[in-house]
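Chemist: the amino acid sequence is not available; the structure is as follows:
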């Protein structure tokens, strides 16, 4: 079972693919990736037959696909792959060139993390090519601590508390501080008024 709500993000929307017959949409999306995007996504130049097999496996192994859909076509996808043995569940994402610079990656990752938490996962594993700067930046935004080794960057995302929560705390801090100062000033003013009031009496 997966989350069922749909998130609108112009000009398309984000939702989890819940029917196996929809998963070919992932295959078609991956096949549309340009050479550079395909290299970034799979850390190498891979032929169409590999991508077809990859998408078919995702349809069978319980991978959760969160898709950004425009006019019935998947233009971006975040994948939550189930853990194998003692390994952590792994995440991956791809966005076609036409859908970039629209905050799609952030929305996809937010939804994917919600799915992972709903499933009870505590940590996620992420692997990306050393040159995939967009993925590395997005991973760090969500708290991944990446290490470079063997030509790729690997790391984990702790779902206990993400930077989103930390950013929310930071965003609220000035208001909390301002409220505290106002309360302090109000208390001081009341104290001073009381002191002068007593003298006047």
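Modeler: Perfect, thanks for sending it. Worth saying up front: this structure is predicted, and the values here are computed from it rather than measured. Numbering: from 1, shown residues only.

Chemist: secondary structure element holding residue 102?
Modeler: Secondary structure assignment for residue 102, by DSSP states H and E: no helix or strand.

Chemist: tell me how many other residues crowd it.
Modeler: The number of residues packed near residue 102 is 18, by other Cβ atoms under 10 Å. The way it works is simple: take the backbone N, C-alpha and C, and place the C-beta from them, glycine included.

Chemist: buried sites along the longest strand along the chain?
Modeler: Secondary structure of the chain per DSSP state E: the longest strand is strand 73-81. The neighbour-count criterion (16 or more other Cβ atoms under 10 Å) identifies 74-81 as the buried residues of strand 73-81.

Chemist: quick one, strands of this protein?
Modeler: The residue ranges that make up the strands of the chain, judged by DSSP E, are 7-9, 12-16, 64-70, 73-81, 90-95, 123-129, 145-149, 152-158.

Chemist: state the mean pLDDT of the shortest one.
Modeler: Per-residue pLDDT values across strand 7-9 average out to 60.

Chemist: the last one now?
Modeler: Looking at strand 152-158 alone, the average pLDDT works out to 76.

Chemist: circling back: need the buried residues of strand 73-81 in a markdown table (columns: distance to residue 11 and pLDDT).
Modeler: Rendered in a markdown table, the data for the buried residues of strand 73-81 read as follows (distance: Cβ to Cβ, whole Å; pLDDT from 0 to 100):
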| residue | distance to residue 11 | pLDDT |
| --- | --- | --- |
| 74 | 14 | 95 |
| 75 | 10 | 95 |
| 76 | 12 | 93 |
| 77 | 17 | 93 |
| 78 | 19 | 91 |
| 79 | 23 | 92 |
| 80 | 25 | 93 |
| 81 | 29 | 93 |
